[in-house]
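Asks: Below is the structure, and that's it, no one-letter string:
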C-alpha cells in the first residue's frame, strides 16, 4: 500500500504485503510484511498497462501542446491552453503534466493570469 500524494508531511514509506491463500478457507488473503518498502507508486506500476497508458496519453498531449503554442506564436495564456485541451478531451492535470515534460515555461502576467511559453529548443 503506497501513499501517492501528501502535501502536509513527508510521504510515509510504503507498506509491503502479498496475497496468499488461506489454508483454512481456501481463499485469497492479505499477508502484511514485517518491513515497509521504499518503492514509490510509480515504481510499483512501472511496466503495467496503467503506466503505459498514462505515458502514451501524456506524450500525445505534449505533441499537441507544442503544436498549439507554436501556432500561437510560442506563447498563450494558461487558461486558454487548458480550455483548448479540455475541448479535445484532455484533463487539466494531464495538460499540466505535459507542460512540465514539454519544457514549457510559465510566467505570471501581472493581474492578467499566467502565460505558457515554449522553451528555447521547442520554439525555434
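Replies: Ah, there it is. Computed from a predicted model, the values in this text were never measured in an experiment. Numbers count the residues shown, from 1 in each chain.

Asks: Please report the residue range of the longest helix in the chain.
Replies: Across the chain, the longest stretch assigned as helix under DSSP state H is helix 49-71.

Asks: mean confidence score for it?
Replies: Mean pLDDT, helix 49-71: 81.

Asks: Work out the gap between it and the centre of the chain.
Replies: 11 Å (CA atoms, centre = their mean, to the nearest Å).

Asks: what mean pLDDT does whichever helix or strand comes after it have?
Replies: Downstream of helix 49-71, the next assigned helix or strand under DSSP states H and E is strand 75-77. Throughout strand 75-77, pLDDT has a mean value of 94.

Asks: mind listing what's buried in strand 75-77?
Replies: 75-76 (16 or more other CB atoms under 10 Å). Every residue, glycine included, has its C-beta placed from N, CA and C.

Asks: before we move on, the earlier item: what residues of the longest helix of the chain count as buried?
Replies: Neighbour count says helix 49-71 has 58, 61-62, 64-66, 68-69 buried, by 16+ other CB under 10 Å.

Asks: I'd like those residues as a markdown table, with distance to residue 116 appended.
Replies: Formatted as a markdown table, the buried residues of helix 49-71 follow (distance: CB to CB, whole Å):
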| residue | distance to residue 116 |
| --- | --- |
| 58 | 16 |
| 61 | 13 |
| 62 | 13 |
| 64 | 13 |
| 65 | 8 |
| 66 | 11 |
| 68 | 9 |
| 69 | 7 |
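
Asks: Identify the farthest-apart pair in these.
Replies: 58 and 69 (16.1 Å; CB to CB).

Asks: Just the helices from the chain, written as ranges.
Replies: Taking DSSP H, the helices of the chain run over residues 41-45, 49-71, 78-87, 92-102, 120-123.
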